[in-house]
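A.B. asks: coords please:
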Amino acid sequence: MKISFVSNPNPALLDESGMPYGPIRTNTFPQSQVTLVTTLPKGEYTIELLDARSIENPLEWQKKLTEQYALPINYGGKSLTRQFIGNPEESVSHSSRDVDVYVLSANFTYEANSVRKMIEILKKYNPKSKILVGGTDAAPPERHNFYFKSGADYIGLGDADLSLPQFLDDLRNRRTGAKYPNRLIPQKGQIHFVDLGRLNELANTNRFSESGGGSVLESVARKGFAAYIEMQRGCSRECHFCYAAKTPFNRLSVEDTKRQIDNYLANGVGLFMFTDDNTLLRNPRDLEEIFGYLRNRGAAWEFPNGLEFGLLGTDQTGKWSPKKELIDVLFWNNSNKKNYAGVHRLLFPLEDSILRRSSLTKLNRTSKDHALEEIIDRNIPYVNLGIMTSEPRETPNERRTMERWLSEFYGKTECNYTKFNYSLFCTMPLPGTEFGRQMHAEGRVRYNINEFPELWNIFLSVVDGKNFTAENNTQFRREILHKFGMNQDLGKVGT
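C.D. replies: Okay, the predicted model is just below:
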């Protein structure tokens with residue numbers, strides 16, 4: 001049986017001037033595909049990776065734009081066109097025709113039409129194949145109809161480390177009719193060791209040169225490609241906008257994590273990007289050992305999902321006290337950009353805490369200012385401040401408060417060794433989240449998710465609030481980025 005794991009093309013949502021209204025990330029590491037490939041016993045299946053996403057130079061993506069794949073979207077009087085970066089038909093034409101099962105990952109609502117187009121092309125190219133779609137956008141019940149109507153034969157619900165091998169065995173032995181009568185594959189995941197040697201057999205890993213958080217130091221890029229890595233899944237927090245809220249923990253042991261690090265280095269990784277749902281909920285002694293090991297190996301690493309800064313210290317006596325040993329090992333670096341090792345980038349999740357007293361429990365443990373003081377002079381090349389705007393009850397006064405804080409912080413850090421970036425995101429009512437259900441119940445969602453999924457990305461708002469429309473929210477975000485020189489003209493952070 002031949003299985004093809006598919007990376008769909010990056011859609012580009014562009015205004016009349018060619019300015020992107022959504023993220024452009026063509027050359028990031030295909031974590032979902034690689035993780036699933038390594039769940040299948042080696043030699044039991046013929047495996048391919050169909051890459052319709054990566055391009056030779058990610059900064060020249062405009063040269064790869066195709067014709068519009070759908071009608072333009074009228075967003076607040078702006079006409080936004082929808083185009084792919086790269087030609088998916090051409091990518092498919094170079095692949096095998098005898099594939100039995102295609103596996104697609106629909107993790108971003110923004111890319112739903114891209115996944116739909118890939119299904120259409122694959123069905124035409126290889127009509128006898130079965131198509132399985134999984135991922136965080138496909139899994140919620142309210143999204144099943146979209147993907148089934150798009151041509152998916154089966155939908156996977158959640159992590160599939162264990163359920164995918166079982167499903168493929170059932171398909172091979174003709175048991176799917178009885179076991180999956182509704183064509184839904186139940187979630188059954190288990191974090192596991194990922195052998196990147198399997199990826200080297202399937203793809204040109206040099207293509208995976210991008211960090212979703214922004215630029216990569218040249219000396220880090222020379223060491224190898226950028227790869228996502230996970231050592232822990234699950235989060236006990238209750239953030240109402242997040243898929244991972246209140247999910248069970250599942251961890252690699254310290255020794256298995258070290259073994260994973262060794263495997264990544266041996267297979268050409270130059271930058272480790274940790275995708276744990278909440279890294280700091282792990283035992284601090286474990287983290288000190290793991291990141292001490294990375295330091296000893298001369299590696300570079302990032303925290304693209306952010307760190308819960310309240311866990312970087314304690315306030316048992318009423319005064320915040322930093323966990324010095326933990327902070328030292330997480331944020332160690334050699335300060336040598338010409339031959340860099342250590343922490344390369346951190347997402348610092350301020351969320352809504354600079355607009356108001358945060359409703360998120362995780363942000364009320366300590367002052368953000370204490371934690372920022374601990375990292376501001378540690379010579380981290382890049383720090384992205386994750387800032388959440390566009391809550392439906394956001395007020396003009398809260399926005400003024402945020403602007404004052406950003407202005408003061410910008411003044412303090414403009415000449416700092418660390419390049420700080422304001423990563424503003426519009427709170428999105430994503431399917432399967434508490435916030436998504438609430439916004440639909442209140443009738444605040446302006447744009448239909450099935451008709452205009454491209455609008456469902458953090459560059460834009462689709463929610464009308466009490467004081468601001470969805471379009472007002474988007475314009476406010478763009479004005480703030482422009483005011484502080486946070487250029488995202490290429491759809492990327494800091495370029």
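
A.B. asks: low-confidence ranges in the stretch 201-350 of the chain?
C.D. replies: Along the stretch 201-350 of the chain, the model assigns pLDDT under 70 to residues 236, 239, 241-243, 245, 316-318.

A.B. asks: local confidence estimate at Asn416?
C.D. replies: Reading off the confidence values, Asn416 has pLDDT 88.

A.B. asks: actually Asp159, not the one I wrote
C.D. replies: In this prediction, Asp159 carries a pLDDT score of 91.

A.B. asks: same check, this time on Phe148
C.D. replies: Among the per-residue scores, Phe148 holds a pLDDT of 98.

A.B. asks: do the same with Ala138
C.D. replies: pLDDT for Ala138: 96.

A.B. asks: what do you get for Val463?
C.D. replies: pLDDT, Val463: 96.

A.B. asks: can you report how many residues lie near it?
C.D. replies: Using other C-beta atoms under 10 Å, Val463 has 24 other residues around it. C-beta: built from backbone N, CA, C; applies to glycine.

A.B. asks: what's opposite it in the beta bridge?
C.D. replies: Beta-bridge pairing of Val463 under DSSP bridges involves Val445.

A.B. asks: that one contacts Ser390, correct?
C.D. replies: Yes: Val463 sits in contact with Ser390 when judged by C-beta atoms under 8 Å, with a separation of 6.2 Å.

A.B. asks: so what sits against both of those two?
C.D. replies: Any residue near both Val463 and Ser390 by C-beta atoms under 8 Å, 6 or more residues apart in numbering counts here, and that gives Cys426, Thr427, Ala470, Asn473.

A.B. asks: can you pick the most crowded of those residues?
C.D. replies: Among the shared contacts of Val463 and Ser390, Asn473 has the most neighbours (other C-beta under 10 Å), with 24 neighbours.

A.B. asks: in a helix, that residue, correct?
C.D. replies: Yes: secondary structure assignment places Asn473 in a helix (DSSP: H, G, I helix; E, B strand; the rest coil).

A.B. asks: just checking, which of the shared contacts of Val463 and Ser390 belong to strands?
C.D. replies: Counting by DSSP state E, the members of the shared contacts of Val463 and Ser390 that fall within strands are Cys426.

A.B. asks: can you list the shared contacts of Val463 and Ser390 in JSON lines and add distance to Glu230?
C.D. replies: Formatted as JSON lines, the entries for these read as follows, by distance: C-beta to C-beta, whole Å:
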{"residue": "Cys426", "distance to Glu230": "26"}
{"residue": "Thr427", "distance to Glu230": "25"}
{"residue": "Ala470", "distance to Glu230": "33"}
{"residue": "Asn473", "distance to Glu230": "32"}
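
A.B. asks: go ahead and name everything in contact with stretch 394-406.
C.D. replies: Everything outside stretch 394-406 that qualifies as a contact, by C-beta under 8 Å, 6+ apart, is 354-356, 387, 389, 422, 465-468, 476, 480, 483-484.

A.B. asks: just the buried ones from those?
C.D. replies: Among the contacts of stretch 394-406, those classed as buried by neighbour count (16 or more other C-beta atoms under 10 Å) are Ile354, Leu355, Ile387, Thr389, Tyr422, Gly465, Phe468, Phe476, Ile480, Phe484.

A.B. asks: what residues of stretch 94-108 count as buried?
C.D. replies: Across stretch 94-108, burial judged by 16+ other C-beta under 10 Å covers Ser95, Val99, Asp100, Val101, Tyr102, Val103, Leu104, Ser105, Ala106, Asn107, Phe108.

A.B. asks: show me the contacts for Phe409.
C.D. replies: For Phe409, the residues meeting the contact criterion (C-beta under 8 Å, 6+ apart) are Leu385, Phe420.

A.B. asks: apply 6 Å and report the result again.
C.D. replies: Contacts here follow C-beta atoms under 6 Å, 6 or more residues apart in numbering; on that basis Phe409 touches nothing.
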